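A.B. asks: quick one: sequence and predicted model below, then my questions.
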Amino acid sequence: MTQKSYKMVGDYMNKRITFLQCYTAFFKISLFTFGGGYAMLPMVEKELVEGKACISEKDMLDSYALAQTIPGIIGANMAALVGRKVHGIKGAIASTMGFISPSIIIIMLISDLLIQYQEHSLVNNALKGIKAAVLALLIHTFIKLVIKSKEYIRNIFSGLLILAAFISVLFFGISPIYVIICAAFAGMLYYKRKGK
């Protein structure tokens, strides 16, 4: 593959993967993602950063941050963003389809059975085990995000913005939507004045 073909998709990746690989990678990720978008990060890292080496860890975290600001399901948004980075528009389509396919299949096949047996002790115990594993994944993701976020705290402004966002959501119950919008405007004003 030439250098030009890398730049068509992005300068930040090691190699380009196929349409089918985009689909199957996110199919596997979605199939075992319990607990929402945060729980998928370790699997994305294992599958695409370490396994296929088609995206860097920094770009994965940047995609995840951006996915949270776009309306819709975080997992599907991230699948589309990462898919676009590793295989252009076709990759975005393949990754999104791969991410939503397991949900559609599971709903069609076992939704009636799950409703029928949701009070069964075996089902309840299985769900408790899944929740424990998801909690461990969430803690792992949180620690990794905290470590990686150090590079974004480059000045007092960034630190104050993080603190203000944290206090606004946790103590005052302000919607994260308003916090994100206000932070975006604050960042634009600050860095415009700085000439960046």
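C.D. replies: Noted; the coordinates are in hand. Residues are numbered from 1 along each chain as shown.
A.B. asks: what's downstream of the longest helix out of those in the chain, the next helix or strand?
C.D. replies: Criterion DSSP state H: the longest helix present in the chain is helix 74-117. Remark: after helix 74-117, the chain's next helix or strand is helix 121-148, criterion DSSP states H and E.
A.B. asks: packing partners for that following helix?
C.D. replies: If contacts are counted by 3 or more CB pairs under 8 Å, 6 or more residues apart in numbering; DSSP states H and E, helix 121-148 sits against helix 37-44, helix 57-69. The C-beta positions use only the backbone N, C-alpha and C, and glycine is treated the same way.
A.B. asks: now with 7 Å, please.
C.D. replies: Helix 121-148 sits against helix 37-44, with contacts defined as 3 or more CB pairs under 7 Å, 6 or more residues apart in numbering; DSSP states H and E.
A.B. asks: how much space separates the most centrally placed residue in the chain from G195?
C.D. replies: By CA atoms, centre = their mean, the chain has its centre lying nearest to Y64, at 3.8 Å. From Y64 over to G195 the distance is 29 Å, taken as CB to CB, to the nearest Å.
A.B. asks: what of C54?
C.D. replies: Counting by CB to CB - C54 and G195 are separated by 35 Å.
A.B. asks: then G159?
C.D. replies: Taken as CB to CB, the span from G159 to G195 is 21 Å.
A.B. asks: same question, A132
C.D. replies: Distance from A132 to G195, by CB to CB: 50 Å.
A.B. asks: neighbour-wise, which of the two wins?
C.D. replies: Taking neighbours as other CB atoms under 10 Å, A132 and G195 compare with A132 leading, 9 against 5.
A.B. asks: okay, now the domains of the chain?
C.D. replies: Structural domains assigned to the chain are 3-151, 153-196, following automatic domain parsing.
A.B. asks: which stretch in the ones you listed has the least confidence?
C.D. replies: Comparing the domains of the chain by mean pLDDT, the weakest confidence falls on domain 3-151, with a mean of 77.
A.B. asks: distance between that one and the chain's centre?
C.D. replies: 6 Å (CA atoms, centre = their mean, to the nearest Å).
A.B. asks: which strands and helices sit next to the helix or strand containing C22?
C.D. replies: Using DSSP H and E, C22 falls within helix 19-31. Here helix 19-31 touches helix 37-44, helix 74-117, going by 3+ CB pairs under 7 Å, 6+ apart.
A.B. asks: now render the ones you listed as JSON lines, adding distance to R16.
C.D. replies: Shown next, in JSON lines, are the helices and strands packed on helix 19-31 (distance: least, CB to CB, whole Å):
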{"stretch": "helix 37-44", "distance to R16": "17"}
{"stretch": "helix 74-117", "distance to R16": "6"}
